[in-house]
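Colleague: after the sequence you'll find the predicted model.
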Amino acid sequence: MPQQRAARHRKNVNAMATIEARGLRKTFGATVALDGIDLHVEEGRILGMIGPNGAGKTTALNAILGLTSYEGELKVLGRDPWTNRDKLMRDVSFIADVAVLPRWIRVSQLLDYVAGVHPRFDRAKAENFLARTTIKRTSKVRELSKGMVAQLHLAIVMAIDARLLVLDEPTLGLDILYRKQFYDSLLNDYFDRSRTIIVTTHQVEEVQDVLTDLMFIDRGRIVLECSMEEFDSRYLEVMVNPEHLAAARALKPMHERPVFGRSVLLFDRVDRDQLETMGEVRRPSIADLFVAVMSPHSQNVAVSASLRRDEPAGQANQVGAAK
Amino acid sequence: MNSSETVPESAGVSDPGDRPATPQPFYWSVRRELWENRSIYVAPILVAIVVLFGFLVSTIGLPERRREVLLLDPAKARAAIEAPYDMAAIMLILTAFIVGVFYCLDALYGERRDRSILFWKSLPVSDRTTLLSKATIPLVVLPLVTFAIVVATQLVMMLWTSLLLISHGMSPASTWTYVPLFRNSFILLYGLAAIALWHAPIYGWALLISGWARRATFLWAILPFFAIAFFERITFGTSHFASMLKDRLMGFAPTAFAFNMHSVNCPQLTPGAYLSSSGLWLGLMVAVAFIAVAIRLRRYRGPL
C-alpha cells in the first residue's frame, strides 16, 4: 500500500511542472508590474531571475508564493497559490530577504515553532547546521548579526523537505564570506534533482555557476530566457583586435563596450572559429549579457566607443574604468 | 483530485524520523503570541503588585478598624471588608481589557511593520488559524490569566490580613467568612466570560483595524466612533450612538448580574438574562464578521 502511494505520488510529480504560468499579469493602479508573462519551470532546475529594480521580479515571486493576487493562470506544484497558500507552504520554502525573521524571537523558540507547525521540518537537521555556526540557542534574533540571521534562516529552510525554494535577494547586505557560504551550503547540503530553486539577485556573478536556467525580466516582461547550456553555447564575447573591428561589427554584435582602449563585442549565435580569428574569445558573464540586453541605446554606445578609440589611451582607460 | 491532494501529505507523515506526527499550528500560534507579547501576563502581574503594595499600606491600623467594622450590621461589615478585594479584581479586569485592546491593535500591524509577516506566511499556517489564535488571546487567554492573578492576589491579601489580625490577638475568621474566596472565584470566572464575550466585537474591530491601517492604528480604531457620535450630537441633537457605545463597553453588567439594593458587593448571577440578551448575540455576530474581514485582509496584506 505505501509503495502504491509512493508510485502515485511520483507519477503526479512527473505529470506537472513545478511552476506553470500563462498570461500572468499584475497591475498596481496604472503601473503594470507583470505584463502577461508565461513561465514553465521543471523540477530540478535552478532558475535565476535577473532584472533591474522595479522590473517585476518580486511581484512574480509573490504571485508564485501566494502573497499577491494576479490575473492569468498560475499553478505551483499543481496548486493555486493565492487560494491555497497554507497548503502550498508545506512544499515550498522561501527566504524573502535577510530581515524578515521576527526580531523578538529566541533561536530555540523559532525552532520549536517551525517544528510545531511544519510537517516536513527536520529539527535535528537544523540543529546540526546551527552547530556549525556560532549562533546560541538562547539568543534573540535581534542580538544576532545580519550574517548570523541569514545563517539561521538558511538552517531552517534547509531542514524543510520542500520541493520548491524561492530566494528573493537572499544575500542582500551580507559580506562576501557569508554570501559565498550561503550558496555553497545551498548547493552541497540542500539541492538535489528533486528540488527546484528560484533565485533573484543583483549579485549576478555569484550565481552564474549555480544556475541551470536564466531569465531576464524588464518592465514586467521576460526579455530573455535560456538554459545555462544554451547560454554557454550561444553567447560569446570577443576582445577584438583593432584591425578586425570593422569585420567584427559586420557580424552584428549585440553590444559593444570599450575596455582599456579596445572593443569588446558580444555576439549571439556566431560561429566560434570565425570569432577566434578576430581576437580573444571568452564566455561572457551574465552581467555583460544583462547590460547588452537591457541597455536601450546599445547602438549609441557602440558609436561613442568608436569615437573614444581615437582618443589618448589614458582617457580611454578612465572610460573603461568608469564602466 | 481529492486523493491526489492527500497522498503526498500522508506519505510525508508516515516518513520515519523524529518529525512531529501531526503539526499543531493553532496551539503553536497561540504560544507564539505569548512569546511575543509578554505584556499579556506581565502587565496584570505589575498591576497586582501595585495593588498589593497599596493594600499593604492601607492595612496599617487594620486591627483597630476591623474591631469598629464588626460593630456595624453584617451587611455593612461585609461591604467594608470586601471592598478592597473587589477593587483589586476590578483593577485587574480593567488592565486585561486595556492590554487586550492594545494587543489586538498591534496583532496584525506589528508583523507588517517589521516585515516578519513574510516569514510567518512562508509557513503552512493559514490566515484563519493565525487570526483565530490572535483572537483567542483577548477572548480566552487574558480572562484565564486575569482569573489566576486575581485569585492569587486576593489570597495574598487574605493571608496578610489574617496574619495581621492573629498577631494582634484577633481571630481572622471575619475575613474568611465575609470574603468567600471560592464563591467569589466562581463569580469572577462567570464575570470574566461574560465580559470577554460582550467585548468580542471591540477586539474584532481592533484586529480588523490592525490588519487594515498603514499607521496610527489606535486613532483609526477610535476616531470614527467619536466622529459619528459628534456628528449625531450636532446634527440631530441626540446621542443614541454614544449610548450604544456605552452599552457595548458596560452593558454586560446589567444583563449578566442583578445587583441587590443594599450592596453592590454581592451580585446575583443572571446567566439566563445574559444569554437571552440581544446585545450579546448581535455583538458576537459583529465580532465574527470583523474577524472574517480581518482574515481576508491578511491574505491581501504584505509588509508596509
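Modeller: Everything's here; your move.
Colleague: what about the residue in the stretch 201-304 of chain B positioned nearest to chain A, distance to A:Arg132?
Modeller: Nearest residue of the stretch 201-304 of chain B to chain A (C-beta to the nearest C-beta) works out as B:Gly302 at 6.0 Å. To be clear about C-beta, it is placed using only N, CA and C from the backbone, and glycine gets the same treatment. Going from B:Gly302 to A:Arg132 by C-beta to C-beta, to the nearest Å gives 33 Å.
Colleague: quick one: low-confidence parts of chain A?
Modeller: A:1-16, A:98, A:296-323 (pLDDT under 70).
Colleague: and if we set it to 50?
Modeller: Scanning chain A with the threshold set as pLDDT under 50 gives A:1-13, A:298-323.
Colleague: walk me through the domains of it.
Modeller: According to automatic domain parsing, chain A comprises the domains A:2-219, A:233-322.
Colleague: tell me which of the ones you listed lies nearest to chain B.
Modeller: Here domain A:2-219 is closest among those (C-beta to the nearest C-beta), at 3.5 Å.
Colleague: name the SS class of B:Val125, please.
Modeller: coil (DSSP: H, G, I helix; E, B strand; the rest coil).
Colleague: report the separation between the closest residue in space to it that isn't next to it in sequence and B:Gly169.
Modeller: Residue nearest to B:Val125 in three dimensions, not counting chain neighbours: B:Pro25, with 4.5 Å by C-beta to C-beta, 6 or more residues apart in numbering or on different chains. Per C-beta to C-beta, B:Pro25 is found 60 Å from B:Gly169.
Colleague: of the two, which one has the most company?
Modeller: B:Pro25 (23 against 7; other C-beta atoms under 10 Å in any protein chain shown).
Colleague: the more buried one reaches A:Val114, doesn't it?
Modeller: No - the criterion here is C-beta atoms under 8 Å, and B:Pro25 misses it with A:Val114 at 10.9 Å.
Colleague: residues near B:Ser116, how many?
Modeller: 22.
Colleague: need the three-state assignment for the residue nearest to it when sequence neighbours are not counted.
Modeller: Nearest non-adjacent residue to B:Ser116, counting by C-beta to C-beta, 6+ apart: A:Pro102, 4.0 Å away. Here A:Pro102 is coil, with the state taken from three-state DSSP.
Colleague: next, the contact list for A:Pro102, please.
Modeller: A:Val141, B:Glu36, B:Glu111, B:Asp114, B:Ser116, B:Phe119 (C-beta atoms under 8 Å, 6 or more residues apart in numbering or on different chains).
Colleague: direction included, what does the strand or helix carrying A:Leu167 pair against?
Modeller: Element membership for A:Leu167 (DSSP states H and E) is strand A:164-168. Strands that pair with strand A:164-168, judged by DSSP bridges, come out as strand A:92-95 (parallel), strand A:196-200 (parallel).
Colleague: downstream of the first one, the next helix or strand is which one?
Modeller: Spelled out, it's strand A:92-95. Past strand A:92-95, the next helix or strand by DSSP H and E is helix A:107-117.
Colleague: near chain A at all, the lengthiest helix in chain B?
Modeller: Looking across chain B with DSSP state H, the single longest helix is helix B:74-107. No - on the criterion C-beta under 8 Å from any C-beta of the partner chain, helix B:74-107 is out of touch with chain A, staying 12.0 Å away.
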